[in-house]
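**Q** Need coordinates for the below:
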Amino acid sequence: MKVIYHCYGGAHSSVAAAGLHLGIIASEPQPTVAELESLPYFDKNDPKDIGRVRLMGVDDLGAEVLVLGRSAAAPIVIRTLAGLAQMYGAEDAIFGDTTGCINWRMVAGGIGSRRIRVQRIGRPLVTSGTRQALTALARLVSDIRALQRQAHRDVKGDGGQRGGDGVRAPGAILYIPAGQRPVAESALAGGRLRKVIYHCHGSTHSSVLAAALHLGVVDARRRPSVDEIINLKLFDRVENDAIGTPFLCGHDEGGREVYVLGTGGHKALVTCLVNSFVATCYRDEPPPYLVDTLTLVNTRTRVGGFASRRLGQAWGRRAAAQGLRDNFENLVDLVHLVKVALGGPVSPEAARPVRPSPRPVLAGRE
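**A** The predicted model follows:
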């Protein structure tokens, strides 16, 4: 099981909650200022650390307790984390949103200390606010611990198999039992092959066509028609409230799982999150290969995608597909370079020679 406490910056309320969970500090009697400031990561995150998952420790039930700063992108981040947990191993996951426990002192002090860098004013203020918030944070941690114990009893009681909807908690806690995470299709890691994730804004246009090229569903040797693009699985069909969910599209010739992922307006955050979560929680697994297809999207696809997904205009779907068709050769080149970099076999449908492209190609973390 993994327990992830998350807040805006990952430096104050989530760290304090993790400290309470692990017994490093207690709400009564309150920790001293020095004890609070000695917590790992407390008031130490930089803006560049947003999206980085950090391990605080392992609790008495064997669960890894982690903290995360996710800016204002909580729904997208939780969907991405839930999908990643299923992609790399069927484990229960509990997400605790600590932002409902914060007060004005924590907000003002956090801005002063971490953003404006006036720590001599901001740190005492945020520390004082965190001490005031410990009672509320302790209630949140207590509810999460109760969920943990119930899940632990359920697993021990039926030999590790559990059905139903599991335990759902209101408000700031989300518990997703193993095998029930919101992914389109699931496949556990088989071997040590890198997973390939094509990502764009909404996981419904350029990433879908790139994944289809990678899997040989679309023949790279000729441009598909607009209708052929429209008929691809997932094309222009992923709802906005599913952005952040990784969708499995299939397995390539080398047996690698190929996914599409929408990052919304948080590309840097989500891509950092994916790499950080895998590196922290699944240290024996190779890192995913992230491929940004949004760099190859033209104006027609952008306008069409916005019209279709945001405004509900039927003409937007054809416009988005036409824009991708116009830019088809660049997508072919991108996918070919990915397959060559991965070192796997390349099918005849994807064997088109690469020509120089003026556009940048983004590959995954090495």
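**Q** residue ranges with poor pLDDT in the stretch 51-200 of the chain?
**A** Scanning the stretch 51-200 of the chain with the threshold set as pLDDT under 70 gives 89-90, 154-171, 178-191.
**Q** Tell me where it has helices.
**A** 74-88, 104-110, 119-157 (DSSP state H, counting those that start in this stretch).
**Q** Tabulate those helices (a markdown table), appending mean neighbour count.
**A** In short, each C-beta sits where N, CA and C put it, glycine included. Formatted as a markdown table, the helices of the stretch 51-200 of the chain follow (neighbours: other C-beta atoms under 10 Å):
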| stretch | mean neighbour count |
| --- | --- |
| helix 74-88 | 23 |
| helix 104-110 | 19 |
| helix 119-157 | 18 |
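**Q** Indicate which one of those is closest to Val208.
**A** helix 74-88 (16.2 Å; C-beta to C-beta).
**Q** among the helices of the stretch 51-200 of the chain, which is nearest Val338?
**A** Nearest to Val338 among the helices of the stretch 51-200 of the chain is helix 74-88; the distance by C-beta to C-beta comes to 18.1 Å.
**Q** Of the helices of the stretch 51-200 of the chain, which is nearest Tyr282?
**A** Tyr282 lies closest, by C-beta to C-beta, to one member of the helices of the stretch 51-200 of the chain: helix 74-88, at 4.5 Å.
**Q** can you give me how far the closest one is from the chain middle?
**A** 5 Å (C-alpha atoms, centre = their mean, to the nearest Å).
**Q** helices or strands next to it in the packing?
**A** Counting contacts by 3 or more C-beta pairs under 8 Å, 6 or more residues apart in numbering; DSSP states H and E, helix 74-88 packs against strand 2-7, strand 93-97, strand 173-176, strand 257-262, helix 267-281.
**Q** Tell me which of the helices of the stretch 51-200 of the chain approaches Tyr289 most closely.
**A** helix 74-88 (12.8 Å).
**Q** ok, which stretches of the stretch 201-350 of the chain are strands?
**A** 247-251, 257-262, 289-292 (DSSP state E, counting those that start in this stretch).
**Q** mean confidence score for the shortest one?
**A** Read that as strand 289-292. Mean pLDDT, strand 289-292: 97.
**Q** For the most centrally placed residue in the chain, which non-adjacent residue is spatially closest?
**A** Closest residue to the average C-alpha location of the chain: Thr80 at 2.9 Å, with C-alpha atoms, centre = their mean. Nearest residue to Thr80, sequence neighbours excluded (C-beta to C-beta, 6 or more residues apart in numbering): Gly244, at 4.6 Å.
**Q** For the one you found, the count of nearby residues, please.
**A** 26 (other C-beta atoms under 10 Å).
**Q** which ones are touching it?
**A** By C-beta atoms under 8 Å, 6 or more residues apart in numbering, the contact set of Gly244 is Pro75, Ile76, Val77, Ile78, Arg79, Thr80, Gly83, Leu261, Gly262, Thr263, Gly264, Val270.
**Q** and which of the residues you listed is nearest to Arg120?
**A** Checking the contacts of Gly244 one by one against Arg120 (C-beta to C-beta), the nearest turns out to be Val77, at 31.9 Å.
**Q** That closest one: what's its closest spatial neighbour, skipping adjacent residues?
**A** Excluding its sequence neighbours, the residue lying closest to Val77 (C-beta to C-beta, 6+ apart) is Arg70, at 4.1 Å.
**Q** Could you verify my assumption that the one you found touches Leu269?
**A** Yes: contact criterion C-beta atoms under 8 Å: Arg70 and Leu269 qualify, at 7.0 Å.
**Q** quick one: which of those two has more around it?
**A** Neighbours per residue, other C-beta under 10 Å: of Arg70 and Leu269, the larger number sits with Arg70, 28 against 22.
**Q** residue contacts, the more buried one?
**A** Shown in contact with Arg70 (C-beta under 8 Å, 6+ apart): His6, Cys7, Tyr8, Gly10, Ile50, Gly51, Val77, Leu269, Leu273.
**Q** Pick the one among the residues you listed closest to Asp292.
**A** Nearest to Asp292 among those, counting by C-beta to C-beta, is Leu269 at 13.6 Å.
**Q** measure the nearest residue to Glu257 once chain neighbours are set aside to Gln150 for me?
**A** Once flanking residues are discounted, Glu257 sits nearest to Lys195: 4.8 Å by C-beta to C-beta, 6+ apart. To Gln150, Lys195 is 32 Å away according to C-beta to C-beta, to the nearest Å.
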